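J.: structural data only, the sequence is not supplied:
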């Protein structure tokens, strides 16, 4: 097997797992080959809109998120018997469709490549974990990555407590 045929095994990690209504999850997903697509603020906003759509449809209660140049962290609770796979399929599918359409129209290099890496990492938050501290950790990602000097300078984040 060559390195190019190795696929992420996120799907196998989720075998036997189930989604729980009202459970809080921390999701991380990355762009294919860690492309820094979301350095373009407008393209990052499309991902934000896709997440907000899930909130408006009452599929999730979004608590915090940050869209980094090549990945996304999102803290939310599932609502109305929706599951993680459906939420992530919707967010990644809708955002990819819109972003790739824009990139093709602009003639961007790589605009026909897959946007999101297959799968995602999920962490079911335990009751004893501090949600506000977790949210602060999420939105401080751009600061730790050296992208900005203070959290408020980064445009692609939100948290219900901040």
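T.: Okay, I see it. The structure displayed is predicted, hence computed values, not measured ones. Numbers count the residues shown, from 1 in each chain.
J.: across the sheet, point out what pairs with the residue nearest the centre of the chain.
T.: Centroid-nearest residue in the chain, with CA atoms, centre = their mean: residue 72, separated by 3.4 Å. Beta-bridge partners for residue 72, by DSSP bridges, are residue 29, residue 67.
J.: helix/strand/coil for residue 148?
T.: coil (DSSP: H, G, I helix; E, B strand; the rest coil).
J.: and residue 62, by the same measure?
T.: Going by three-state DSSP: residue 62 is strand.
J.: hmm, the residue nearest to the centre of the chain is touching residue 50, no?
T.: No: judged on CB atoms under 8 Å, residue 72 makes no contact with residue 50 at a distance of 10.0 Å. Heads up, the C-betas are built off the backbone N, CA and C, glycines and all.
J.: buried ones in the biggest helix by length in the chain, by neighbour count?
T.: Identified as the longest helix of the chain according to DSSP state H is helix 84-106. Going by neighbour count (16 or more other CB atoms under 10 Å), the buried part of helix 84-106 is 84, 87-88, 90-92, 94-96, 98-100, 103.
J.: any chance of those residues in a markdown table, plus pLDDT and distance to residue 78?
T.: Formatted as a markdown table, these follow (pLDDT from 0 to 100; distance: CB to CB, whole Å):
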| residue | pLDDT | distance to residue 78 |
| --- | --- | --- |
| 84 | 95 | 7 |
| 87 | 97 | 7 |
| 88 | 97 | 11 |
| 90 | 97 | 13 |
| 91 | 98 | 13 |
| 92 | 98 | 16 |
| 94 | 97 | 18 |
| 95 | 98 | 19 |
| 96 | 97 | 22 |
| 98 | 97 | 24 |
| 99 | 96 | 25 |
| 100 | 94 | 27 |
| 103 | 94 | 31 |
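J.: could those be laid out in CSV, adding distance to residue 152?
T.: Below are those laid out as CSV (distance: CB to CB, whole Å):
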residue, distance to residue 152
84, 30
87, 28
88, 28
90, 29
91, 25
92, 28
94, 28
95, 24
96, 29
98, 27
99, 25
100, 31
103, 29
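J.: quick one on the thing from earlier: can you give me the distance of the residue nearest to the centre of the chain to residue 37?
T.: As defined by CB to CB, to the nearest Å, residue 72 lies at a distance of 11 Å from residue 37.
J.: for residue 56, same thing?
T.: Taken as CB to CB, the span from residue 56 to residue 37 is 24 Å.
J.: what pLDDT does the model give the closest residue to residue 132 other than its chain neighbours?
T.: Distances taken as CB to CB, 6 or more residues apart in numbering put residue 161 closest to residue 132, at 5.0 Å, once the chain neighbours are dropped. In this model, residue 161 is scored at 88, pLDDT.
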